[in-house]
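Peer 1: Pasting the sequence and the predicted model now:
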Amino acid sequence: MGWNLIFWVLCFFVDLALLSSNFYQLVILSDLEADYLNPYESSSRINFLIVPEIVVHGLLCALFLLTWHWFLFLITLPLTCYAAMLYMKRKHLIDVTEVFRDLSFEKKYRLVKLGFYLLLLFIIIFRVFTAAKMSFYRSESGELDIRSAFLEF
Amino acid sequence: MTPFSSSGPVVRSDAPGLRLSTPSPPQSAPPFSSSTGPVVRSETAPGFRSPAPPPSYVPPSPTTAPFSGFPAPQFPSAQPRLWAHPPPPPPPAGGQVPPPPVPLRPPMGFPSPPQNVNYAPPTTNVPQPSFPGPGFIRPQSGADSQPPAVQSPFPFVAQKGGYAPAPPVAAPLGFQSRDQMQHPSPGPGAIQGLVEDFNSLSIGSVPGSIEPGVDLKALPRPLDGDVEPKLLAETYPMNCNPRFLRLTTSGIPSSQSLASRWHLPLGAVVCPLAEAPDGEEVPVINFTSTGIIRCRRCRTYVNPYVTFTDAGRKWRCNLCSLLNDVPGEYFAHLDATGRRIDLDQRPELTQGSVEFVAPTEYMVRPPMPPLYFFLIDVSICAVRSGMIEVVAKTIRSCLDKLPGFPRTQIGFATFDSTIHFYNLKSSLTQPQMMVVSDLDDIFVPLPDDLLVNLSESRIVVETFLDSLPTMFQDNLNVESAFGPALKASLMLMSQLGGKLLIFQNMLPSLGVGRLKLRGDDLRVYGTDKEHALRLPEDPFYKQMAADFTKFQIGVNIYAFSDKYTDIASLGTLAKYTGGQVNYYPGFQSAIHGEKLRHELARDLTRETAWEAVMRIRCGKGVRFTSYHGNFMLRSTDLLALPAVDCDKAFAMQLSLEEALMTTQTVYFQVALLYTASCGERRIRVHTAAAPVVADLGEMFRQADTGAIVTLLSRLAIEKTLSSKLEDARNSLQLRIVKAFKDYRNLYSVQHRLGGRIIYPESLRFLLLYGLALSKSIPLCGGYADAALDERCTAGFTMMTLPVKKLLKLLYPNLIRLDEYLLKTSSPDDLSSIEKRLPLAAASLDSRGLYLYDDGFRFVVWFGRALSPDIAMNLLGPDCAAELSKVTLSERDNETSRKLMKIIKKFRESDPSYYPLCQLVRQGEQPREGYLLLKNLVEDPMGGTSGYVEWILQIHRQVQQNP
């Protein structure tokens, strides 16, 4: 009963972490564009985050699969595959020598990810509330709310 | 007919570009006038084994033969008659020029349209079908009934528009003359539309034949080399010299929609340190009292185009039009016309190129001394090839000439499977060697005395260089710990920066950055993985390159291996540090020693700018968006150049920021902030202005082929790094086609263009350079056409070459020498060898001696029927031997001395590379093929098109509707 809530809260924090990591990278890239940061600094900062981010995202995706949350699993899957593909091609890191050439693409990529994680965050927040309400209801009336059952997919 | 019947197919079977030799000894040919079509082909096509032609033989006539790859299998027997047409006498200027018998322009009923220059009688162009029927006779008679429709081979006096450049000075064949000649119109009211604003080339089909043809002689060829656009310099005389900055078109488009119709690159090629001839040096200005005058907002340096107002108390920035205050010390009164009265004492206000001495605000640290660090491979291959000896001797001979005395610093390290450092401390009598064998954890054994001041440790350094060749002569080590040695060099040099010269003889095999053989996989070619071969294999190299740039270290690579060394990876080091790659495949000190000696000496002694950054600013409305060349971007528009010299050029593309330009003039300012070898921090500033134009025709009129070709080549080479060679060539071709198509659309409404390809005067060579570019080493063919290492080297080199050198590499000089050598006139009279020949096999006469010069190597071609005296005089007793083993040296006779003098003169005219002389005899296969014939860009070779085919191909694509 409480596990469900814990799971969603965990997802919430993981997603928040991913979101902030992306936001941070975007800020760095904008700084780089505006010449507040040099390419060495910015690419080393970003590259430091990239692999952990891929791993965390993969874990989140796997977690959704293991808990049978099909819908969430399916919407996180494409990004996982894309990141894995980049990793396989060894193109996941920012190339410090060509960073300005790829800058606009990298920014767009991160912007899209940011939007995606934001969407995910809303879904998860909704789930957290649902789960919280459910555990609250259950403890009170022991009845299952039809809406939350529907939203479980 | 019989002796030639077998050689007919030869034309077709010359697929790999190297002709099958048909050892037909000089036969007594049938008299030429009666010979049949196939004779013509057999004579010229299989490699100039022409029987000594009868005197009536007109030399240029065989030009058509190499192009007889057109499916025109039989030649009419009457054909050769046409060869003998002498070029018709030029009609009196202004005389009526009858239209040529081109089907699309009927000869009658049309009041003499303005003819384009290039009409030769079409009958001379094209092989005609062999059926002598009515269809054949009619055009013939048509052609005969009229005087040959050729216009004057000399430029008419052109009627110039405001911007119309003068016709090229020497248009040897006269076809490039501008089309603006005035014809007294035969009919009233026909003046309109008579003045054509473009050049054209008739692609007129010969009536009765299916194949269109082009007059070979009329094709434009850049036989005068690069011609810098003069127009801009005339309009804006205070612009910097074009050797420093060239725009692809001096007419900046006024709107984005106009820019999008200009399909060629829009940008600039900058060579900030180009060598200026004596007397034109860039003036050095010291603003000690006032500080350097710059715009407050956009940081533009004061330049000739700023305007002073408010009685001289303010100046208006020409880039951002901000009003700035004039510092008190810089103040001067204005005269009645608003000019400063001290103008003649202020070179920065009168000249486009100046150099400011930078005060301490422009330094992040004290200016570094010139520093040279040599990293030398001493494995067995290096020892055997003799490379070490040449290098050591050259460095020793250059010690006096290294720039920056007495601050110059120097250091050495050598490596095989271990890394050797040398303590060169001045108190020692001879150098101490320290060996580091732990490749995983590299450390520098003695941080202080490995890099020493040259003037202090001179004796130790000399002792070291004298002993270096013998030190390793018994070395049998076959490993190369290149990566660790690179890391050690970085540690050593990171304090000061400087120049790292790497002499590399084999594939790195130990430690980080080891590489594997990967270049010999034929199957990868043509697949999507092909481009990966041209990229660094190990990210280590990119990372190292970035680190080198960070610490202000410029890397120059000298590679010597005869086997695959992965220049793609090694060259990355040079690419991002502003360096260059010199590759001597299969180095042998006896053969290539001289070349290495000169090029290394040039590298060490030329004026070098240290720890430099470059930025190009431009006025409102435009912005530089991409940069191409060997450098690393430090921020969006700042090029980091740890060491840059006069032989490096950088290209950049610009785009319009706003939909509509509001200004009439756009200003560009290149600023290179660097440390001169003398220890002074300086800023070299080049300023140029260019007009904004609202018309595409004007953009084309002001285009600069040299800059366009440079940018196109860099873009194409970059494309080979991300896609297939074929794609790179196709996109190059597509770009040219699009540009010509839009140009055609400008005129197709008012003019009857019919079977003509039209092009602006300024771009008349673009087609040929485009062809040459797609046949150049980085882009040509596939797996077999160039070794991967050579391809990569050529790519890295072409990414840095200045405009003039690049154009010479693309369309090399071909000069006939024998007449000059035999002439008894004074050896200083070089007029007869200044005439460059078209790069086609047809230019080669078997009785001649030719020199091919692309700026990187010379090929001396001995015709089969060359007078034995010359060969004997030049080669001595070796003249019968195989020429691959013979080297050219001065012998004790006039002919040889003359030849050597010419070669010396050519070498001195461009010292950046030292061309080695290679000798080849006509018919000596396969050497002749790959040394010379492959480089004759106008000939069709192994599946690539020749010049005529290329023009036809472009023409066809231009005419296709989008």
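Peer 2: Received the coordinates, thanks.
Peer 1: Could you verify my assumption that B:A787 touches B:G586?
Peer 2: No. Counting by C-beta atoms under 8 Å, no contact exists between B:A787 and B:G586, whose distance comes to 10.6 Å. C-beta here means a position set from N, CA and C on the backbone, and glycine is covered the same way.
Peer 1: which stretch of helix or strand covers A:L60?
Peer 2: With elements delineated by DSSP states H and E, A:L60 resides in helix A:39-66, which encompasses its position.
Peer 1: and that helix with chain B, contact?
Peer 2: Yes. Under the criterion of C-beta under 8 Å from any C-beta of the partner chain, helix A:39-66 makes contact with chain B via A:P39, A:Y40.
Peer 1: how about that helix: buried residues?
Peer 2: With burial defined by 16 or more other C-beta atoms under 10 Å in any protein chain shown, the residues of helix A:39-66 counted as buried are A:39, A:42-43, A:45-46, A:50, A:53-54, A:57-58, A:60-61, A:63-64.
Peer 1: now stretch B:284-292
Peer 2: Of the residues in stretch B:284-292, B:I285, B:F287, B:I292 count as buried by neighbour count, 16+ other C-beta under 10 Å.
Peer 1: ok, and what's touching that stretch?
Peer 2: Under the criterion C-beta atoms under 8 Å, 6 or more residues apart in numbering or on different chains, residues B:293, B:301-302, B:327, B:329-330, B:347-348, B:354-359, B:361, B:682-683 lie in contact with stretch B:284-292.
Peer 1: Please list only the buried members of those.
Peer 2: Buried, going by 16+ other C-beta under 10 Å: B:293, B:301-302, B:330, B:347-348, B:354-358, B:682-683, out of the contacts of stretch B:284-292.
Peer 1: which strands and helices sit next to the host helix or strand of B:S489?
Peer 2: Element membership of B:S489, judged by DSSP H and E, is helix B:482-493. When contacts are defined as 3 or more C-beta pairs under 8 Å, 6 or more residues apart in numbering or on different chains; DSSP states H and E, helix B:482-493 sits against strand B:371-377, strand B:409-415, strand B:419-423, strand B:498-504, helix B:539-550, strand B:553-559.
Peer 1: out of these, nearest to chain A?
Peer 2: The stretch from these with the least distance to chain A (C-beta to the nearest C-beta) is helix B:539-550; that distance is 4.5 Å.
Peer 1: Identify all contacting residues around stretch B:512-524.
Peer 2: With contact meaning C-beta under 8 Å, 6+ apart, stretch B:512-524 is reached by B:439, B:482-484, B:486-487, B:507-509, B:530, B:532-533, B:537-538, B:540-541, B:544, B:564, B:566, B:569, B:783, B:787-789.
Peer 1: and that stretch, how far apart are its ends?
Peer 2: For stretch B:512-524, the first and last residues are 26 Å from each other (C-alpha to C-alpha, to the nearest Å).
Peer 1: Next: stretch B:822-836.
Peer 2: 18 Å.
Peer 1: tell me the mean pLDDT over it?
Peer 2: Mean pLDDT, stretch B:822-836: 68.
Peer 1: now stretch B:255-263
Peer 2: Per-residue pLDDT over stretch B:255-263 has a mean of 92.
Peer 1: Now it: buried residues?
Peer 2: So for stretch B:255-263, counting by 16+ other C-beta under 10 Å, buried means B:L258, B:A259, B:R261, B:W262, B:H263.
Peer 1: Can you flag which of the residues you listed belong to helices?
Peer 2: Of the positions in the buried residues of stretch B:255-263, B:L258, B:A259, B:R261 sit in helices, assigned by DSSP state H.
Peer 1: my read: the second one touches B:P253, true?
Peer 2: Yes. In this structure B:A259 lies within contact range of B:P253 using C-beta under 8 Å: 4.1 Å.
Peer 1: can you list residues touching both of these two?
Peer 2: Listed contacts common to B:A259 and B:P253 are B:L266, B:L656; contacts here mean C-beta under 8 Å, 6+ apart.
Peer 1: for chain B, what are the nearby residues on chain A?
Peer 2: For chain A, the residues found near chain B under the criterion C-beta under 8 Å from any C-beta are A:32-33, A:35, A:38-40, A:90, A:93, A:95-97, A:99-101, A:103.
Peer 1: Greatest separation within those: which pair is it?
Peer 2: Pairwise distances across these (C-beta to C-beta) peak at 28.4 Å, for the pair A:D35 and A:R90.
Peer 1: residues making contact with the helix or strand harbouring B:A568?
Peer 2: Per DSSP H and E: B:A568 is located in helix B:567-575. With contact meaning C-beta under 8 Å, 6+ apart, helix B:567-575 is reached by A:97, B:486, B:502, B:504, B:513, B:515, B:533-538, B:541-542, B:544-545, B:548, B:555-557, B:559, B:579-581, B:583, B:630, B:788-789, B:792-793, B:795-796, B:799.
Peer 1: just checking, next helix/strand downstream of that helix?
Peer 2: Remark: after helix B:567-575, the chain's next helix or strand is strand B:581-583, criterion DSSP H and E.
Peer 1: tell me what that next one is packed against?
Peer 2: Strand B:581-583 is packed against strand B:553-559, helix B:567-575, helix B:788-798, with contacts defined by 3+ C-beta pairs under 8 Å, 6+ apart.
Peer 1: what mean pLDDT does the first one have?
Peer 2: Yep, that's strand B:553-559 we're talking about. Averaged across strand B:553-559, pLDDT comes to 95.
Peer 1: Residues in contact with it: which ones?
Peer 2: Applying C-beta under 8 Å, 6+ apart, the external contacts of strand B:553-559 come out as B:391, B:489-490, B:493-494, B:497-505, B:545, B:548, B:565, B:567, B:570-571, B:573-574, B:577-584, B:596, B:600, B:603, B:641-644, B:789, B:793.
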